[in-house]
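Engineer: any chance you can model this:
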Amino acid sequence: MQMDIMTISQTASYLQVCEKTIRRLIEKKELTASKVGGSWRIKKTDVDGYLENNKNNN
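Structural biologist: Now for the predicted structure:
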């Protein structure tokens with residue numbers, strides 16, 4: 001099953017980083033997210049876009 005909407009935990013697992021890193025990216029507006037019922041939700045397309053935009057920054 002393809003995930004179109006992910007939680008912070010799922011996003012962190014997908015990017016192989018800690019949840020704190022995802023929260024920091026959201027806070028700095030580097031990763032687009034929406035609050036749903038008090039929890040952050042991130043579109044997979046936004047995560048993939050973030051990866052594409054930052055792949056040469058290493």
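
Engineer: any idea how far the top helix by length along the chain is from the chain center?
Structural biologist: The single longest helix within the chain, with elements called by DSSP state H, is helix 44-54. Relative to its parent chain, helix 44-54 has a centroid offset of 8 Å by C-alpha atoms, centre = their mean, to the nearest Å.

Engineer: any stretches of the protein with poor pLDDT?
Structural biologist: Within the chain, the stretches with pLDDT under 70 are 1-3, 58.

Engineer: thinking again about what came up before, other SSEs contacting the longest helix of the chain?
Structural biologist: With contacts taken as 3 or more C-beta pairs under 8 Å, 6 or more residues apart in numbering; DSSP states H and E, helix 44-54 sits against strand 5-6, helix 8-15. Just so you know, the C-beta spots here come from the backbone N, C-alpha and C atoms, and that holds for glycine as well.

Engineer: now those in JSON lines, with mean neighbour count and distance to Lys28?
Structural biologist: Output for the helices and strands packed on helix 44-54, formatted as JSON lines (neighbours: other C-beta atoms under 10 Å; distance: least, C-beta to C-beta, whole Å):
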{"stretch": "strand 5-6", "mean neighbour count": "17", "distance to Lys28": "18"}
{"stretch": "helix 8-15", "mean neighbour count": "17", "distance to Lys28": "14"}
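
Engineer: could I get the ones you listed as a markdown table with distance to Ala33?
Structural biologist: Listed next are these as a markdown table, based on distance: least, C-beta to C-beta, whole Å:
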| stretch | distance to Ala33 |
| --- | --- |
| strand 5-6 | 9 |
| helix 8-15 | 8 |
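
Engineer: right, and those - which one's nearest Arg23?
Structural biologist: The minimum distance between Arg23 and these falls on helix 8-15, with 6.5 Å, by C-beta to C-beta.

Engineer: show me what the helix or strand that comes right after the closest one is packed against.
Structural biologist: Later in the chain than helix 8-15, the nearest helix or strand by DSSP states H and E is helix 19-27. If contacts are counted by 3+ C-beta pairs under 8 Å, 6+ apart, helix 19-27 sits against helix 8-15, strand 39-43.
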